[in-house]
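Novice: pasting the sequence and the predicted coordinates here, then a few questions.
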Amino acid sequence: MTDETQDLIFDLTLTDDQRMNRETMQRFATAEIRPIAKSVDAGDNPAQTFYPKTVELGISQLPIPEVLGGAGMKRSPSSNALILEDLAHGDLSLALGSISPVAFVNTLIDQGSDAQREKYLPLFCAEDFKTATTALLEPRATFDPTEPATIVTTNGDGFTLSGTKSMVPLGMDAELTLIIGRMENGDPAAFIVEGTPAGMTRTAEDNMGLHGAQLATLTLDKVQLPASALLGEGPFDLQRFIDLSRVGICALAVGTCQAVLDYVKTYCNERIAFDEPITNRQSVAFMIADIAIELESMRLMTWRAASRAEQGLDFHEHAYLAKVFCAEHAMKIGTDGVQLLGGHGFCTEHPVELWYRDLRAIAMLEGMASV
Amino acid sequence: MKVLVAVKRVVDYNVKVRAKADGTDVDLNNVKMSINPFCEIAVEEAVRLKEAGVATEVIAVSVGEKSCQEQIRTALALGADRGIQVETDGKVEPLVIAKLLKAVVDKEQPQLVILGKQSIDGDNNQTGQMLGALANMGQGTFASEIAVEGDKVNVIREIDGGLQTVSLSLPAIVTTDLRLNEPRYASLPNIMKAKKKQLDVYTPDDLGVAVTSHITQIKVEAPAERKAGITVKDVEELVDKLKNEAKIIS
């Protein structure tokens, strides 16, 4: 996944930095995320207790230029995908919430204007957690992410936005929200929304999973925005945004599916029935082997899309194929994880039911976790 | 004040170690390696001394094969200013490591040397003490608190059944116990920046130290597997078994 290796079709060797980053991420996920996943799922609010801790990792600072207070590293979709994978091994919903500001930063760097970068990026280099997010999804039948129905009309010097955005991570608290809509001429456009302007209502969602990500629905009723809120100068490259988000969503799925595999492997080797570990039964062993095969395929497809994005190659198709494959298999791995634990899988004592509920969402998610 | 911190590359503490089939050593094939947790505490303490304005420079040193540069880089990512690797081949025993560290101490003249109390692979708990003797420095081992005051360092030591506070003249050696601090996470930007920090490599020859061996490892074996427990009917049977079978009460 190094950029020095462009002549190779597909290189899986991690750079030293990526390896060390993974070590930090895995430690953080094990020590800080997994232990609170259950209580957050049950309703504990992570906004004050957990999210501020992620600042210590400095993920959003990485691609921010040094003059603006960041680390000045090259934007790296591959490294971001690895980070997401490791965080989601701790918990999918908290990983999604942690990465929302990063997705905002990445999109701002990719498509924002110089003035916007200078105004907003330094905020993400401070010591406190900056709550930022991206909003693309809309609650309607046959939703097509490339054609949002949130309509933007020009209004003198500014813009007026009307529509509904759903499943917005950190949606109740976000100080900065990137809202994606469509101009009257059909062109997609993105807007940086500060706080809660008049006409915008935030409603907490009550979903079967992803509780830690604090998903919310944002209703926009003729929200007035200044001209400076329009992201970038040209039309918004919505397809690129969707593709990068798909890579991120796939990486989240890979991380949590790895958690499922690790858990069922240990559990089924230790669970004794009929005087032997249940893994001695082929029906159990084959199921675990299938998870491992499917998971590795998910990972390779995700890494390939990320690697192509990093190299500046076209990755639209790769991201799409990865997303379709990950959506389907994340759901299956979630179900199989619960099934392999038998009756215990149904108990909240084990985390597999939580992973099952969270992994159901992968198919629906779009336009968040942009790597 | 210059602070020298020693770091060692060891099997990660989460790994379940296995002995090789022929019993000659621990199997390190495809095993995750990390910085020794006690060494990490040592680095954290040194970095905190620097942040508090007590230390001016923190140098991380490791003795080992080229791969141990990874652990030096971890120390640099945690906040050490520069690194030194003394490149050796294969297993090196504590006395030789202490001699090599002594040579580095002579070169760098640190006021404080912080080491982990022991490494979680060899569990020798010798290097710090040997270095103290070789360098003729006072030592505060198993530290749970360190405070530098003027030309002294006060060390609270964890000893059997309590705590002991000692005051050492600088330069001094401190070895860390588990409760000294809780190491930070190496942030991603700092991991990147660590790459640009200076890392010098020496050979034992450069330092004038002969790598000798006084210890031969004869055998490594896994702990005996525990037998399954049994359920007793009542307290009487339990007392009877403890008395007559286990013979732990009389």
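Specialist: Yes, it's here.

Novice: wait, what's in contact with the residue in the stretch 101-250 of chain A that chain B sits nearest to?
Specialist: Nearest to chain B, among the residues of the stretch 101-250 of chain A, is A:Cys125, at 9.2 Å (Cβ to the nearest Cβ). (Glycine included, C-beta is placed from N, CA and C.) Counting by Cβ atoms under 8 Å, 6 or more residues apart in numbering or on different chains, A:Cys125 touches A:Gln61, A:Ile64, A:Leu68, A:Gly69, A:Gly70.

Novice: tell me which element the closest residue to the last one other than its chain neighbours falls in.
Specialist: Counting by Cβ to Cβ, 6 or more residues apart in numbering or on different chains, the nearest residue to A:Gly70 once its immediate chain neighbours are dropped is A:Ile64, at 2.4 Å. For A:Ile64, there is no host helix or strand (DSSP states H and E).

Novice: if we can go back for a sec, quick one, grab the pLDDT at the residue of the stretch 101-250 of chain A closest to chain B.
Specialist: With respect to pLDDT, A:Cys125 has a value of 91.

Novice: repeat for A:Met1
Specialist: pLDDT recorded at A:Met1 is 54.

Novice: now do A:Asp17
Specialist: 84.

Novice: can the least confident helix or strand in chain B by mean pLDDT be said to contact chain A?
Specialist: In chain B, no helix or strand scores lower on mean pLDDT, DSSP states H and E than helix B:188-194, which sits at a mean of 88. Yes: Helix B:188-194 reaches chain A (Cβ under 8 Å from any Cβ of the partner chain) through B:Leu188, B:Pro189, B:Asn190, B:Ile191, B:Met192, B:Lys193.

Novice: and those residues, which are buried?
Specialist: Burial by neighbour count, judged by 16 or more other Cβ atoms under 10 Å in any protein chain shown, picks out B:Leu188, B:Pro189, B:Asn190, B:Ile191, B:Met192 from the residues of helix B:188-194 next to chain A.

Novice: including distance to B:Asp151, could those residues go into CSV?
Specialist: Converted to CSV, these look like this (distance: Cβ to Cβ, whole Å):
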residue, distance to B:Asp151
B:Leu188, 39
B:Pro189, 36
B:Asn190, 32
B:Ile191, 36
B:Met192, 38
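
Novice: can you give me the helices in chain A?
Specialist: A:16-28, A:34-41, A:46-49, A:77-90, A:92-111, A:114-120, A:238-270, A:282-310, A:316-340, A:352-359 (DSSP state H).

Novice: so which of those helices comes closest to B:Arg226?
Specialist: helix A:238-270 (14.5 Å; Cβ to Cβ).

Novice: now do the closest one and helix A:282-310, the angle between them.
Specialist: Put simply, helix A:238-270 runs at 150 degrees to helix A:282-310, going by axes from the mean of the first three to the mean of the last three Cα atoms, to 10 degrees.

Novice: tell me which residues of helix A:238-270 are tucked away?
Specialist: By 16+ other Cβ under 10 Å, the buried positions in helix A:238-270 come out as A:238, A:240-261, A:263-264, A:267-268.

Novice: check stretch A:50-68 too.
Specialist: A:50-51, A:54-64, A:68.

Novice: stretch B:47-61 too?
Specialist: Buried-residue list, stretch B:47-61, by 16+ other Cβ under 10 Å: B:Val47, B:Arg48, B:Leu49, B:Lys50, B:Val54, B:Ala55, B:Val58, B:Ile59, B:Ala60, B:Val61.

Novice: show me those residues that map onto helices.
Specialist: In helices, judged by DSSP H, the following of those are found: B:Val47, B:Arg48, B:Leu49, B:Lys50.

Novice: identify the farthest-apart pair in the buried residues of stretch B:47-61.
Specialist: Using Cβ to Cβ, the two most remote members of those are B:Val54 and B:Val61, lying 19.5 Å apart.

Novice: how about the strands in the stretch 101-250 of chain A?
Specialist: Assigned by DSSP state E, counting those that start in this stretch, the strands in the stretch 101-250 of chain A fall at A:132-135, A:151-155, A:158-168, A:176-183, A:188-194, A:200-204, A:216-225.

Novice: quick one, which of the helices of chain A is nearest to chain B?
Specialist: Set against chain B and scored by Cβ to the nearest Cβ, the helices of chain A come closest in helix A:16-28, at 4.7 Å.

Novice: partner residues bridging the most centrally placed residue in chain B?
Specialist: Centroid-nearest residue in chain B: B:Gly116, 3.3 Å away (criterion: Cα atoms, centre = their mean). Legend: beta-bridge partners of B:Gly116 under DSSP bridges are B:Thr176.

Novice: so it makes contact with B:Pro37?
Specialist: Yes: B:Gly116 is within contact range of B:Pro37, at 7.4 Å (criterion: Cβ atoms under 8 Å).

Novice: just give me the neighbour total for the residue lying closest to B:Asp106 once chain neighbours are set aside.
Specialist: If the residues on either side of it in the chain are set aside, B:Asp106 comes closest to B:Ala135, at 8.0 Å by Cβ to Cβ, 6+ apart. B:Ala135 is flanked by 20 other residues according to other Cβ atoms under 10 Å in any protein chain shown.

Novice: likewise for A:Asp206?
Specialist: 7.

Novice: point out the residues in chain B that sit beside chain A.
Specialist: Near chain A, when you scan chain B using Cβ under 8 Å from any Cβ, you find B:34, B:70, B:73-74, B:77, B:184-193, B:195.

Novice: the helices in chain B, which residues?
Specialist: Using DSSP H, helices in chain B cover B:37-51, B:69-78, B:94-108, B:127-135, B:188-194, B:235-244.

Novice: can you tell which of these is closest to B:Ser213?
Specialist: Closest to B:Ser213 of the helices of chain B, according to Cβ to Cβ: helix B:94-108, at 7.8 Å.

Novice: so what touches that closest one?
Specialist: Here helix B:94-108 makes contact (Cβ under 8 Å, 6+ apart) with B:2, B:4, B:6, B:59, B:61, B:63, B:84, B:86, B:88, B:92, B:113, B:122, B:124, B:126-127, B:130-131, B:134-135, B:171, B:202, B:204, B:207-209, B:211-214.

Novice: repeat that with 7 Å
Specialist: Applying Cβ atoms under 7 Å, 6 or more residues apart in numbering or on different chains, the external contacts of helix B:94-108 come out as B:2, B:4, B:6, B:59, B:61, B:63, B:84, B:86, B:113, B:124, B:126-127, B:130-131, B:134-135, B:204, B:207-209, B:211-212, B:214.

Novice: ok, now stretch B:83-93?
Specialist: With contacts defined as Cβ under 7 Å, 6+ apart, stretch B:83-93 is touched by B:59-66, B:68-69, B:72, B:75-76, B:100, B:104, B:197, B:199-204, B:207, B:211, B:213-215.

Novice: give the rounded mean pLDDT of the longest strand along chain B.
Specialist: The single longest strand within chain B, with elements called by DSSP state E, is strand B:138-149. Strand B:138-149 shows a mean pLDDT of 95.

Novice: adjacent strands (with direction) for that strand?
Specialist: Its sheet considered, strand B:138-149 pairs with strand B:152-159 (antiparallel), strand B:172-176 (parallel) by DSSP bridges.

Novice: if we can go back for a sec, distance of the residue nearest to B:Asp106 from chain A?
Specialist: 32 Å (Cβ to the nearest Cβ, to the nearest Å).
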